[in-house]
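Visitor: coords please:
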Amino acid sequence: MRINNVRAAAVMEGVVRADRNTKRLLRHIRRGEIALICHDDLDEPAAEGLLRSGVKAVINSGRTMTSAFPHDGPLLLLREGIPIYEIDESSFELLQDGERIRIRDGTLTGLHAELVCYPFGYEEWERLKRTGERMYPLTLLGFAENTLHYAANELNSLTRPLTLPELNNPLETRDVLVVSRGSGCREDLAALRHYIRSAKPVLVGVDGGADVLVSQGYVPDLIIGDMDSVSDQTLRVGAQLLVHAYPDGWAPGLERIRQLGLASDTVAAPGTSEDLALRLSYEQGAARIVIVGSHSEPIDFLKKGRAGMASTLLVRMLVGHKLIDAKGASLWGSKKSQLHKFAAIVEGGALWRTSPYR
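Guide: A predicted model of the protein is given here:
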């Protein structure tokens with residue numbers, strides 16, 4: 001694909017909002033501000049979040065693309081005219097949250113620092129994506145070795161049921177719709193309106209996936225995760241909150257919930273919060289589990305900086321006979337036909353399983 005290069009603005013000025021954690025930054029950045037992040041391989045959900053926040057520009061002290069694998073995160077920003085600049089990682093601390101900066105002729109000037117910055121444009125994205133395509137098989141080799149090694153170690157954990165609190169909405173014999181904040185989740189959820197109206201599934205938001213549900217007029221029954229990417233407003237809609245804890249019981253997200261004065265329970269489990277949501281639904285006797293915005297392939301995990309996907313491999317093997325992955329549902333022909341097609345798939349019991357293991 002050939003894309004014409006677009007020059008960044010000759011002069012860029014604005015207020016910087018800084019946080020090394022992009023998810024956390026999205027909770028407090030304001031429209032028209034400049035995002036200062038430290039994000040290797042800027043992924044699509046992060047780019048979409050920055051766009052929805054109305055950022056003026058993005059300054060990244062990480063490597064916007066490492067070229068270890070191909071992805072389109074930066075492209076989403078560039079297509080909308082949002083310039084991306086890169087600075088050295090060591091320069092992040094030289095800029096203060098809330099200060100006003102100016103970028104001109106490759107120089108970033110702040111209150112107490114003058115830094116070299118480099119525009120990241122279409123040409124860089126194209127070049128690094130091509131390199132990523134060549135490098136991906138080698139990256140995948142290490143990823144697969146990591147996955148298989150840890151899968152062997154974690155296999156026994158599947159035989160031990162989760163320790164769960166009593167759920168406000170029992171899942172037994174019910175359809176469960178799990179919404180995670182993966183690529184295309186908003187469009188795919190919108191494509192399932194007819195299914196949601198007819199099946200009335202229990203709605204489970206995984207971290208920022210709960211915001212996606214609320215943005216389309218739904219109230220999640222459960223919100224599961226480490227609570228690092230879901231908004232305060234969504235946490236207050238009345239859903240039952242289950243904070244994902246590590247197997248040793250440590251739950252990093254619990255402090256935020258306490259600061260908001262909200263009630264919650266913790267659930268200890270290995271793997272991702274999405275894995276926990278699928279496993280919980282399965283163990284609680286869900287008739288079918290439909291997932292939107294899933295993370296089910298190696299690149300999904302590489303974009304999050306994860307070296308493997310052992311838990312996801314095992315959980316997908318466990319729940320696969322009940323799992324319907326709605327990734328790409330928005331592409332199923334016309335809106336009317338795709339809604340009825342999905343409803344027919346679910347109601348007929350024909351389980352569409354999409355996974356990287358087939």
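Visitor: in terms of secondary structure, what does the host helix or strand of V290 contact?
Guide: Per DSSP states H and E: V290 is located in strand 288-292. Helices and strands touching strand 288-292, by 3 or more Cβ pairs under 8 Å, 6 or more residues apart in numbering; DSSP states H and E, are strand 175-179, helix 185-190, helix 273-283, strand 323-325. To be clear about C-beta, it is placed using only N, CA and C from the backbone, and glycine gets the same treatment.
Visitor: just the element for L203, please.
Guide: strand 202-206.
Visitor: right, and the helix or strand after that strand?
Guide: Using DSSP H and E, the next helix or strand after strand 202-206 towards the C-terminus is helix 209-215.
Visitor: in the lengthiest helix in the chain, what counts as buried?
Guide: Taking DSSP state H as the criterion, the chain has its longest helix at helix 122-154. By 16 or more other Cβ atoms under 10 Å, the buried positions in helix 122-154 come out as 122, 124-125, 128-129, 131-132, 135-136, 139-140, 143, 146-147, 150-151, 154.
Visitor: what's that helix packed up against?
Guide: Using 3+ Cβ pairs under 8 Å, 6+ apart: helix 122-154 touches helix 73-79, helix 298-302, helix 310-319.
Visitor: could I get those as TSV with mean pLDDT and mean neighbour count?
Guide: Below are the helices and strands packed on helix 122-154 laid out as TSV (pLDDT from 0 to 100; neighbours: other Cβ atoms under 10 Å):
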stretch	mean pLDDT	mean neighbour count
helix 73-79	96	21
helix 298-302	92	21
helix 310-319	94	21
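Visitor: nearest to G14, of these?
Guide: With Cβ to Cβ as the criterion, G14 lies closest to helix 73-79 of those, at 15.3 Å.
Visitor: pull the CA atoms of that closest one into CSV?
Guide: In CSV, the C-alpha atoms belonging to helix 73-79 read as follows (Å, rounded to 0.1, in the frame of the first residue of the first chain):
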residue,chain,number,x,y,z
GLY,A,73,-1.5,1.7,15.4
PRO,A,74,0.4,4.9,14.3
LEU,A,75,-1.5,4.9,11.0
LEU,A,76,-4.8,5.6,12.8
LEU,A,77,-3.4,8.8,14.2
LEU,A,78,-1.6,9.9,11.0
ARG,A,79,-4.8,9.4,8.9
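Visitor: what pairs with the helix or strand that it is followed by, and is each one parallel or antiparallel?
Guide: Under the assignment DSSP H and E, the closest C-terminal helix or strand after helix 73-79 is strand 84-86. Paired neighbours of strand 84-86 in the sheet (DSSP bridges): strand 57-60 (parallel), strand 118-120 (antiparallel).
Visitor: list the buried residues of strand 84-86.
Guide: Using 16+ other Cβ under 10 Å as the test for burial, strand 84-86 gives I84, Y85, E86.
Visitor: circling back to that earlier point, what's the angle from the strand holding L203 to strand 288-292?
Guide: 40 degrees (axes from the mean of the first three to the mean of the last three Cα atoms, to 10 degrees).
Visitor: contacts for the helix or strand containing A46, please.
Guide: Per DSSP H and E: A46 is located in helix 44-53. Contacts with helix 44-53, where a contact means Cβ atoms under 8 Å, 6 or more residues apart in numbering, come from 22-23, 26, 29-31, 35, 39, 58, 71-74, 76-77, 80, 82, 181-183, 185, 208, 303.
Visitor: thinking again about what came up before, how about the strands paired with strand 84-86, which one is nearest T272?
Guide: Here strand 57-60 is closest among those (Cβ to Cβ), at 24.2 Å.
Visitor: distance between the closest one and the chain's centre?
Guide: 19 Å (Cα atoms, centre = their mean, to the nearest Å).
Visitor: alpha carbons of that strand, as PDB, please.
Guide: Extracted in PDB, the C-alpha atoms of strand 57-60 (Å, rounded to 0.1, in the frame of the first residue of the first chain):
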ATOM      1  CA  ALA A  57      -0.300  15.700  18.900                       C
ATOM      2  CA  VAL A  58       1.500  12.800  20.400                       C
ATOM      3  CA  ILE A  59       5.100  12.800  21.700                       C
ATOM      4  CA  ASN A  60       6.500   9.300  22.300                       C
END
